[in-house]
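>>> Structure here, sequence nowhere to be found:
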Ligand code: PEP
C-alpha cells in the first residue's frame, strides 16, 4: 500500500513565502524515505511556480479545488483541464472548508472528482464528521453517506485512482486530534466500504488522516493499520515540520 504525506496550504503564503516554502521542501525532501509520496497543494496563483520548482524532484503538486465543468462562463473558477495544462497532477476535493463555506454538496464533489478522473488527475477526496455528528454517534453514518454521495458513481477502475482523506471536522485547525483508536476505527470503516467494491479497490486506495496532525502526534496515527499517511494543514506551512512528517510516515515502510 502507498504511503502519502500531502500538505494543504489553504489560503496562506504570498509569492515570496510560497517560493521559499516550495524550495525548502524540494531541497530537503530528496534525502528522506523515497517510498513516501510527497504532495504539496499551494494556492492557485502559485501552482505554476511550484510545478516548475518541483520538476525532477519527488514532489507532486496538487490544487486545493477545481470546478466541475470543463470550461465556460463560470467567472473566477478554475477547471481541471487548466490544472492539467500547468502540470498539476492531483487535486483536493470536498475539503470540509469547501463544504462549510462554499456549500459544496456530495453530488458536486462527485462531479469534481469525475472531471479530474476524466483527464487523468488524482482526486484527493476528503470526508469527515463534525463535532455534533460525532457526539451524537452518527460519525460512521455521515462518512458512509459522504462516500456514497460523492463516489457512488465511479467504476472500480476509477475508484482505484482516488486518494481518500478522513478529516474529522472537529480536529481541523483546532489542535484537537482524533485518538489513534478513533482514526483506525474510521479508516477501517472506510476500508470496509471500499471493500464492497472488491478487494483490489480496498487494497489500492490510500486513506490519509487529517486534522491537527503534527510531528508530535503523527507517529501513533500513521502507525495504524489503515492509516496510509496524512493530509496536513497548519504543519505543512513549516518546511521542517512537514518534512519531519514525511520522515515519520517513512517508518511505516
Ligand atoms: C486540513 O485542512 O486538511 C487539515 C488537516 O488542517 P490542519 O492540519 O491544520 O488541522
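Good, I have the coordinates. What you see is a predicted model; the values in this text were computed from it and never measured.
>>> Near the residue of the stretch 151-253 of the chain found nearest the ligand, how many other residues are there?
Closest approach between the stretch 151-253 of the chain and the ligand, counting by Cβ to the nearest ligand atom: residue 233, at 2.1 Å. C-beta: built from backbone N, CA, C; applies to glycine. For residue 233, the count of nearby residues is 23 (other Cβ atoms under 10 Å).
>>> The closest residue to residue 217 other than its chain neighbours: how many residues sit nearby?
Once flanking residues are discounted, residue 217 sits nearest to residue 177: 5.1 Å by Cβ to Cβ, 6 or more residues apart in numbering. Neighbours of residue 177 under the rule other Cβ under 10 Å: 22.
>>> In this structure residue 177 contacts residue 216, no?
No - using Cβ atoms under 8 Å, residue 177 is not in contact with residue 216, being 9.3 Å away.
>>> who touches the closest residue to residue 57 other than its chain neighbours in this structure?
Spatial nearest neighbour of residue 57, excluding adjacent residues (Cβ to Cβ, 6+ apart): residue 26 at 4.7 Å. Each residue near residue 26 by Cβ atoms under 8 Å, 6 or more residues apart in numbering is listed here: 53, 54, 57, 59.
>>> Sort out for me which of the residues you listed are in helices.
53, 54 (DSSP state H).
>>> Could you save the contacts of residue 26 as a markdown table and add columns showing neighbour count, distance to residue 117 and pLDDT?
Converted to a markdown table, these look like this (neighbours: other Cβ atoms under 10 Å; distance: Cβ to Cβ, whole Å; pLDDT from 0 to 100):
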| residue | neighbour count | distance to residue 117 | pLDDT |
| --- | --- | --- | --- |
| 53 | 21 | 27 | 97 |
| 54 | 20 | 22 | 96 |
| 57 | 15 | 25 | 93 |
| 59 | 20 | 22 | 96 |
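>>> Tell me the one of the contacts of residue 26 nearest residue 127?
In terms of Cβ to Cβ, no member of those lies closer to residue 127 than residue 59, at 25.1 Å.
>>> hang on, isn't the closest one packed against residue 41?
No - between residue 59 and residue 41 there is no contact under Cβ under 8 Å: 11.0 Å.
>>> any chance you could map the strands in the stretch 51-200 of the chain?
59-63, 90-93, 122-127, 163-166 (DSSP state E, counting those that start in this stretch).
>>> Export the ones you listed as JSON lines, with columns for distance to the ligand.
As requested, the strands of the stretch 51-200 of the chain are exported to JSON lines (distance: least, Cβ to the nearest ligand atom, whole Å):
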{"stretch": "strand 59-63", "distance to the ligand": "12"}
{"stretch": "strand 90-93", "distance to the ligand": "8"}
{"stretch": "strand 122-127", "distance to the ligand": "7"}
{"stretch": "strand 163-166", "distance to the ligand": "7"}
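>>> To residue 173, which of the ones you listed lies closest?
strand 122-127 (13.4 Å).
>>> Next one: residue 237 relative to residue 249, how far apart?
18 Å (Cβ to Cβ, to the nearest Å).
>>> More neighbours: which of these two?
Shown here are residue 237 and residue 249; by other Cβ under 10 Å, residue 249 has more neighbours (28 against 18).
>>> how deep is residue 35 tucked in, by neighbour count?
Neighbours around residue 35, by other Cβ under 10 Å: 11.
>>> Does it touch residue 3 like I think?
Yes - the pair residue 35 and residue 3 qualifies as a contact (Cβ under 8 Å) at a distance of 6.6 Å.
>>> Ignoring the adjacent residues along the chain, who's closest to residue 180?
residue 220 (4.5 Å).
>>> Surely the one you found is in a strand?
No - under the criterion used here (DSSP: H, G, I helix; E, B strand; the rest coil), residue 220 is helix, not part of a strand.
>>> what's the distance between the residue lying farthest from the centre of the chain and the ligand?
Note on the chain: the largest C-alpha distance from the chain mean falls to residue 73, namely 28.0 Å (Cα atoms, centre = their mean). Taking Cβ to the nearest ligand atom, to the nearest Å as the measure, residue 73 falls 30 Å from the ligand.
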